[in-house]
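how would this look folded up:
(one chain, ligands or ions: 1)
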Amino acid sequence: MPLPLSDPSLLRRQCLIDGDWRDAQGGATFPVDNPASGETLARVADGGALEAGAAIAAARAALPGWRALTARERARLLRRWYELVLANQEDLARLMTLEQGKPLTEARGEIAYGAAYIDWFAEEARRVYGDIIPTTAPDRRLLVTRQPVGVVAAITPWNFPMAMLARKLAPALAVGCTVVAKPAAETPLSALALAELAQRAGMPPGVLNLVVGTDAPAIGGVLTASRDVAKLSFTGSTAVGRQLLAACANTVKRVSMELGGNAPLLVFDDADLDLAVDGAMAAKFRNAGQTCICANRILVQRGIHDHFVARLRERIAALRVGDGLAEGTLIGPLINQRAVAKVADLVGDALAGGARLLESGTAPGGPGFFHAPTLLTGVSPGMRIFREEIFGPVAAITPFSDEAQALALANDTDAGLAAYFYTADLGRIWRVSEGLDYGMVGVNETAISSEVIPFGGMKASGMGREGSRHGVDDYLEIKHICLGIGPSPDN
Ligand code: SIN
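From the prediction side, this is the model:
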């Protein structure tokens, strides 16, 4: 069945290598399925080690020409790309909902969010300044320049198939790197459409290459082993991040890692209840709970606990679950059956450990990978649901007594990506913001992501920052130039 796109040529099914759309060796393909129905949307080239190698060679060959352009020339191209993305927002959003499942309104939002990185870095890369250091000797001048690291490998996840790719591609390309990207096999169509628009914007052959395929270890193995790849940027699970870090050690690659989270959301007794409930709903149920920064643990002070829980319960009961393309859907399917089983397993473990099931909304029966939005109370730190990323629409509530206990519970994890808290007390705002071991902290706010902020985590949540003026740093090398100018002719 043709997909409901006004421009069907955005549906690409092959790898992009050296400016050509190519089949995989032997014509191998794999299915891309709609998680709302289980139906196959398209079959896509199943690229592997061979395609990864060819893509690296193309990126290597394109590097001198691309990095020799002025930042302004590259920025013009990126700006055309950004405009094309926005002009095709509706088709891109539909494609994303079809392959990823999120409601269409969220998919539209993600296209705008991802596009904003392209626009931002087109501008930011024009301000990659160096330094002149006051000299230590009269016959020398000391300079610092920043130059592109070289060929970048980008490996991106299925939960934000466009924005996670855009926030790696945009800074890398803007500062003069060339790229080999490997998007998740669950959601390649959004990435391929983004690459198609880059082609239309005039991206020279080899500057942006995309290898789609199911054999992630083979593709990742080639990318991490290659001496021609200077840098790996990865967004995904901490477990896979650890393997990639180890694999990059051999060639001492630069790495950026945006890994798993276990975000606490703290609600203190003095919080504005309406604001806290709104924030918890947004942080918990965005993308059906499949985000690294979603509120994984909701910690509520005892004085406000019952009021907060009652309000949250009403809101959860009203959530409409269904196909992301259907009008009024607020929660789409999870990505696959494994994800549904994992969430159900975590809920089962919590209930067996003494948690209470307060609300279990309705999910459609029939085909599709749905999990009902769920509210659990009495969750304790020993339970798996407190320690692992849920990645599903389950709100897990743990009570606390005071600020010290709240901070201790919040920091009791290896993860350190995002944390949120609600309070009206100014002193507490400072103390808790400083005490949370997290790369990003939302105070009386959970919508923290945008292209202007440095997104990234501490501890096992990774290294490096994406977005903001810091987002170019991960794609630049610092070079010191010591210029000997000889003695003054008057000496
Ligand atoms: C993520 O889940 O890692 C991305 C979320 C965001 O960019 O807001």
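
for the helix or strand harbouring Q147, C-alpha coordinates in PDB please.
If you go by DSSP states H and E, Q147 is part of strand 140-148. Taking C-alpha atoms only, strand 140-148 is exported to PDB below (Å, rounded to 0.1, in the frame of the first residue of the first chain):
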ATOM      1  CA  ARG A 140      57.500  34.100  18.800                       C
ATOM      2  CA  ARG A 141      53.800  34.500  18.300                       C
ATOM      3  CA  LEU A 142      51.500  31.900  19.900                       C
ATOM      4  CA  LEU A 143      48.200  31.000  18.200                       C
ATOM      5  CA  VAL A 144      45.400  28.600  18.800                       C
ATOM      6  CA  THR A 145      43.100  27.500  16.000                       C
ATOM      7  CA  ARG A 146      40.300  25.000  16.000                       C
ATOM      8  CA  GLN A 147      39.800  22.700  13.000                       C
ATOM      9  CA  PRO A 148      37.400  19.900  12.100                       C
END
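
what comes up buried for that strand?
For strand 140-148, burial by neighbour count (16 or more other C-beta atoms under 10 Å) applies to 146-148. No exception for glycine: its C-beta is placed from N, CA and C like everyone else's.

out of those, which one sits closest to the ligand?
P148 (24.2 Å; C-beta to the nearest ligand atom).

so that closest one makes contact with L476?
Yes: using C-beta atoms under 8 Å, P148 is in contact with L476, at 6.5 Å.

mind listing the shared neighbours of those two?
Between them, P148 and L476 share these contacting residues under C-beta atoms under 8 Å, 6 or more residues apart in numbering: V175.

could the buried residues of strand 140-148 go into a markdown table alongside pLDDT and distance to the ligand?
Shown next, in a markdown table, are the buried residues of strand 140-148 (pLDDT from 0 to 100; distance: C-beta to the nearest ligand atom, whole Å):
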| residue | pLDDT | distance to the ligand |
| --- | --- | --- |
| R146 | 98 | 26 |
| Q147 | 97 | 28 |
| P148 | 98 | 24 |
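
which bits of the stretch 51-200 of the chain sit near the ligand?
159-160, 163 (C-beta under 6 Å from any ligand atom).

measure stretch 390-409 end to end?
End-to-end distance for stretch 390-409: 17 Å, by C-alpha to C-alpha, to the nearest Å.

how far off centre is it?
24 Å (C-alpha atoms, centre = their mean, to the nearest Å).

in it, what's buried?
Applying 16+ other C-beta under 10 Å to stretch 390-409 flags 390-400, 403, 406-407, 409 as buried.

partners of the helix or strand just after the strand holding Q147 in the sheet?
Counting by DSSP H and E, the next helix or strand C-terminal to strand 140-148 is strand 151-155. Partners of strand 151-155 in the sheet, by DSSP bridges, are strand 178-182 (parallel), strand 229-235 (parallel).

what's the neighbour count on W158?
W158: 23 surrounding residues under other C-beta atoms under 10 Å.

quick check: it touching A184?
Yes: judged on C-beta under 8 Å, W158 makes contact with A184 at a distance of 3.8 Å.

okay, the strands paired with strand 151-155, which one's buried deepest?
strand 178-182 (a mean of 28; mean count of other C-beta atoms under 10 Å).

which element is the one residue in the stretch 1-150 of the chain that gets nearest to the ligand on?
At 7.2 Å from the ligand, Y113 is the closest residue in the stretch 1-150 of the chain, using C-beta to the nearest ligand atom. Assigned by DSSP H and E, Y113 belongs to helix 104-124.

buried sites along stretch 353-372?
355, 358-361, 363-364, 368-372.

just put those in a markdown table and tack on pLDDT, secondary structure and distance to the ligand.
Below are the buried residues of stretch 353-372 laid out as a markdown table (pLDDT from 0 to 100; DSSP: H, G, I helix; E, B strand; the rest coil; distance: C-beta to the nearest ligand atom, whole Å):
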| residue | pLDDT | secondary structure | distance to the ligand |
| --- | --- | --- | --- |
| A355 | 98 | coil | 25 |
| L358 | 95 | strand | 26 |
| E359 | 83 | strand | 24 |
| S360 | 85 | strand | 25 |
| G361 | 82 | coil | 22 |
| A363 | 87 | coil | 22 |
| P364 | 89 | coil | 25 |
| G368 | 96 | coil | 22 |
| F369 | 97 | coil | 18 |
| F370 | 97 | coil | 20 |
| H371 | 97 | coil | 18 |
| A372 | 96 | coil | 22 |
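
identify the farthest-apart pair in those.
Using C-beta to C-beta, the pair of those lying farthest apart is A355 and G368, separated by 26.6 Å.

picking up where we left off before, what angle sits between the strand holding Q147 and strand 178-182?
40 degrees (axes from the mean of the first three to the mean of the last three C-alpha atoms, to 10 degrees).

give the partner strands of strand 140-148 in its sheet and their orientations.
Going by DSSP bridges, the partners of strand 140-148 are strand 131-133 (antiparallel), strand 476-484 (antiparallel).

how much space between the nearest residue in space to F370 that is not next to it in sequence and E106?
Excluding its sequence neighbours, the residue lying closest to F370 (C-beta to C-beta, 6 or more residues apart in numbering) is A363, at 3.8 Å. As judged by C-beta to C-beta, to the nearest Å, A363 and E106 stand 18 Å apart.

so where is the stretch 201-350 of the chain shaky, pLDDT-wise?
For the stretch 201-350 of the chain, no stretch is flagged by pLDDT under 70.

the ligand contacts on that one?
Looking at the ligand, the residues of the stretch 201-350 of the chain close enough under C-beta under 6 Å from any ligand atom are 258, 291-293.

just send the residues you listed back as CSV, with neighbour count and secondary structure too.
Shown next, in CSV, are those (neighbours: other C-beta atoms under 10 Å; DSSP: H, G, I helix; E, B strand; the rest coil):
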residue, neighbour count, secondary structure
E258, 28, strand
T291, 22, coil
C292, 28, coil
I293, 24, coil
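
does P264 lie in a helix or a strand, and which?
strand 263-267.

what about that strand, distance to the chain center?
That offset, for strand 263-267, works out to 20 Å (C-alpha atoms, centre = their mean).

buried sites along whichever helix or strand comes after that strand?
Downstream of strand 263-267, the first helix or strand assigned by DSSP H and E is helix 273-285. By 16+ other C-beta under 10 Å, the buried positions in helix 273-285 come out as 276-281, 283-285.

contacts for helix 273-285?
Residues contacting helix 273-285 (C-beta under 8 Å, 6+ apart): 263, 265, 267, 293-295, 298, 304, 307-308, 311-312, 315-316, 319, 330-331, 373, 393, 395, 420, 422, 442, 444-447.

can you say which of the strands paired with strand 140-148 is nearest to W21?
That would be strand 476-484 among the strands paired with strand 140-148, by C-beta to C-beta, at 30.8 Å.

so how far is that closest one from its chain's centroid?
33 Å.

and that strand, which residues are buried?
Of the residues in strand 476-484, those buried (16+ other C-beta under 10 Å) are L476.

quick one: contacts for the most centrally placed residue in the chain?
With distances taken as C-alpha atoms, centre = their mean, M164 lies nearest the centre of the chain, 4.0 Å away. Neighbouring residues of M164 by C-beta under 8 Å, 6+ apart: 114, 156-157, 235, 258.

per-residue confidence for it?
pLDDT, M164: 98.

state whether it is indeed within a strand.
No: read with DSSP: H, G, I helix; E, B strand; the rest coil, M164 is helix and lies in no strand.
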